[in-house]
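Enquirer: build me a model:
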Amino acid sequence: MFNYVVKVGHKAYRKFIFGAVLLFFCLLFITPANSQDENQKYFELDSGLKIFLYEKHTFPLINLVFAVNLGTKDESDET
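Expert: Residues are numbered from 1 along each chain as shown. All right, here's what the predicted structure looks like:
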C-alpha cells in the first residue's frame with residue numbers, strides 16, 4: 001500500500017557528503033572547554049575574594065566583571 005521508494009539524487013548525495021566532511025573537520029579542531037590555558041590564572045585571597053585573570057594580548061580590551069556572593073539569604077537578624 002505504501003511502497004514509496006526515495007531516490008537520492010547526485011546533488012543530494014554531494015550535499016550530504018559535504019556536510020559530513022564539514023562536520024568532521026569542525027569536530028576535529030574543537031578544543032575542550034575546560035582545558036587549562038597558560039594565560040589563565042585563578043587566585044583566592046585570605047578574605048575569600050576569588051580572582052580569575054585571563055590575558056589575551058591580541059585585542060586591547062579590559063573587561064571587569066564583579067559577582068558578590070551576598071543577599072537576603074545571607075543576612076541574619078543582626079545585619
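Enquirer: helices of this protein, start to end?
Expert: Assigned by DSSP state H, the chain shows helices spanning 10-28.
Enquirer: pLDDT below threshold where in it?
Expert: Applying pLDDT under 70 to the chain flags residues 1-9, 31-37, 74, 79.
Enquirer: separation between residue 49 and residue 69?
Expert: Relative to residue 69, residue 49 is positioned 10 Å away (C-beta to C-beta, to the nearest Å). Yep, even glycine has a C-beta here, placed from its N, CA and C like the rest.
Enquirer: distance check, the residue lying closest to residue 41 once chain neighbours are set aside against residue 29.
Expert: Counting by C-beta to C-beta, 6 or more residues apart in numbering, residue 41 lies nearest to residue 53, which is 4.4 Å off, once chain neighbours are set aside. Distance of residue 53 to residue 29, computed by C-beta to C-beta: 26 Å.
Enquirer: between the two, which one's more packed in?
Expert: Between residue 53 and residue 29, residue 53 has the larger neighbour count (other C-beta atoms under 10 Å), namely 9 against 6.
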